[in-house]
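# no sequence on this one, just coordinates:
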């Protein structure tokens with residue numbers, strides 16, 4: 001039995017009155033003050049029940065302040081370097097972690113401009129749109145000379161990774177500006193008041209949101 005679980009994530013929680021009952025308190029998830037270390041986006045799938053049991057003791061601090069406190073209290077991990085990627089993996093490489101759960105499913109690496117096959121990959125899940133680092137490892141030697149290459153799209157049905165050395169072409173930029181969302185979770189239990197009850201795409205397209213699509217401080221705007 002326990003009352004709460006303490007987590008070291010950089011995120012904040014606040015109690016607010018539920019709009020549906022006006023009496024029960026609900027948890028709202030907020031970004032941490034440290035924009036670089038903020039991990040609220042990583043926690044966005046948690047439910048009200050889960051959030052009611054968790055606390056974020058360092059969520060209100062900058063990372064530099066946490067370091068100062070660790071030194072003040074002489075914590076044994078006070079000089080440990082910042083973790084990169086998934087902290088729970090330890091020394092296991094990310095590709096090795098994916099391989100242990102998903103295995104390999106090879107496919108072609110295709111030049112998105114010409115349609116030429118210029119490499120072979122071991123699985124779509126090893127690559128992300130926008131990736132540059134490491135993509136040369138799965139390309140044929142003659143093709144790498146014409147880089148830098150970027151992943152611009154993936155075809156799950158045919159196991160194709162599309163790459164281009166013209167990442168900023170308008171067609172690729174437009175394709176990156178739209179994507180599908182699944183399993184949207186309104187942490188409060190219902191959509192915000194300004195979108196609640198809307199049905200058509202036209203109504204939804206008028207509502208703008210702040211979006212975070214990857215780790216880091218950058219926030220972009222978009223319509224749902």
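Arrived safely, thanks for sending. Keep in mind it's a predicted model, so treat the numbers as computed, not measured. Numbering: from 1, shown residues only.
# ok, now which ones touch residue 4?
Going by CB atoms under 8 Å, 6 or more residues apart in numbering, residue 4 touches 53, 54, 55. All C-beta atoms are positioned from the backbone trio N, CA, C, and that covers glycine.
# I'd like those residues as CSV, with pLDDT, secondary structure and distance to residue 86 appended.
Below are those laid out as CSV (pLDDT from 0 to 100; DSSP: H, G, I helix; E, B strand; the rest coil; distance: CB to CB, whole Å):
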residue, pLDDT, secondary structure, distance to residue 86
53, 92, coil, 23
54, 94, strand, 19
55, 95, strand, 22
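# will you turn the residues you listed into a markdown table that also has distance to residue 71?
Putting these into a markdown table (distance: CB to CB, whole Å) gives the following:
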| residue | distance to residue 71 |
| --- | --- |
| 53 | 30 |
| 54 | 26 |
| 55 | 23 |
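# please parse the chain into its domains.
Following automatic domain parsing, the chain resolves into domains at 5-82, 106-176, 191-224.
# most tightly packed of those domains?
Sort the domains of the chain by mean neighbour count, taking mean count of other CB atoms under 10 Å, and domain 106-176 sits at the top with a mean of 15.
# quick one: average pLDDT of it?
Here domain 106-176 scores 93 as its mean pLDDT.
# measure residue 34 to residue 90 for me?
Here the criterion is CB to CB, to the nearest Å. By it, residue 34 lies 24 Å from residue 90.
# one more: residue 15?
35 Å.
# same question for residue 214.
Here residue 214 is placed at a distance of 22 Å from residue 90 (CB to CB).
# and the closest residue to residue 62 other than its chain neighbours, which of the three is it?
Nearest non-adjacent residue to residue 62, counting by CB to CB, 6 or more residues apart in numbering: residue 34, 4.7 Å away. Using DSSP: H, G, I helix; E, B strand; the rest coil, the structure places residue 34 in coil.
# residue 34 against residue 11, yeah?
No - using CB atoms under 8 Å, residue 34 makes no contact with residue 11, being 10.3 Å away.
# helices of the protein, start to end?
All helices of the chain, identified by DSSP state H, fall at 48-51, 63-72, 94-102, 141-144, 170-176, 201-204.
# nearest to residue 125, out of those helices?
Closest to residue 125 of those is helix 94-102 (CB to CB; 5.5 Å).
# and the closest one, which residues are buried?
Buried positions in helix 94-102, judged by neighbour count with 16 or more other CB atoms under 10 Å: none.
# tell me how far that helix is from the chain's mean position?
18 Å (CA atoms, centre = their mean, to the nearest Å).
# residues in contact with that helix?
85, 86, 89, 122, 123, 125, 126.
# so who does the nearest residue to residue 118 once chain neighbours are set aside touch?
Excluding the flanking residues, the one nearest residue 118 by CB to CB, 6+ apart is residue 143, at 3.8 Å. Listed by CB under 8 Å, 6+ apart, the contact set of residue 143 reads 111, 118, 119, 149.
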